[in-house]
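# give me the fold of what follows.
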Amino acid sequence: MKTYMPSAKTIERKWYVVDATDKTLGRLASEVANVLAGKNKPIYTPFLDCGDYVIIINADKVKVTGKKLDQKIYFRHSDYVGGSRFTTLREAMQKKPVWVVEHAVRGMLPSSKLGDQMYTKLHVYAGAEHNHAAQKPEVLDF
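Residues are numbered from 1 along each chain as shown. Below is the predicted model of the structure:
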């Protein structure tokens, strides 16, 4: 008996839609990262992108626990002297809630070309509308 080894051609991908309303940011991100990587499938292979497509709606209604809204800091630098920029989670959720969810999910994917490939299957929307109705996404509930 031979061991089954999936290839990139034989992987079937599904589309899932996730409603982020009142879901905790980190828990939502880890579950979505598992689906993007394909770890929820029995054919999961670490060196292949076996994952499915995920659409996250209502990203502006995601919640965080504790004092993270004021204490969690996002850091970026302009590469110039004194070019440090700091943003709190509260400011980021007001200006760009889609980026906050994408950033959380991206941080839970591998830091490699394979992780980049998995990340391209993520689609995040701030409101309840998305333009992927033609793909007939299934509702994914955690």
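# contacts, neighbours, all on C-alpha from now
Will do.
# state which helix of this structure is the longest.
Ranked by residue count, the top helix of the chain under DSSP state H comes out as helix 25-37.
# after that one, next one along is what?
Later in the chain than helix 25-37, the nearest helix or strand by DSSP states H and E is strand 53-57.
# angle of that following strand against helix 25-37?
150 degrees (axes from the mean of the first three to the mean of the last three C-alpha atoms, to 10 degrees).
# report the central residue of the protein.
Val105 (3.4 Å; C-alpha atoms, centre = their mean).
# please name the nearest non-neighbouring residue to that residue.
Once flanking residues are discounted, Val105 sits nearest to Ala29: 4.6 Å by C-alpha to C-alpha, 6 or more residues apart in numbering.
# Thr87: what secondary structure?
The three-state label for Thr87, taken from DSSP: H, G, I helix; E, B strand; the rest coil, comes out as strand.
# list the buried residues for the longest helix of the chain?
25-26, 28-37 (16 or more other C-alpha atoms under 10 Å).
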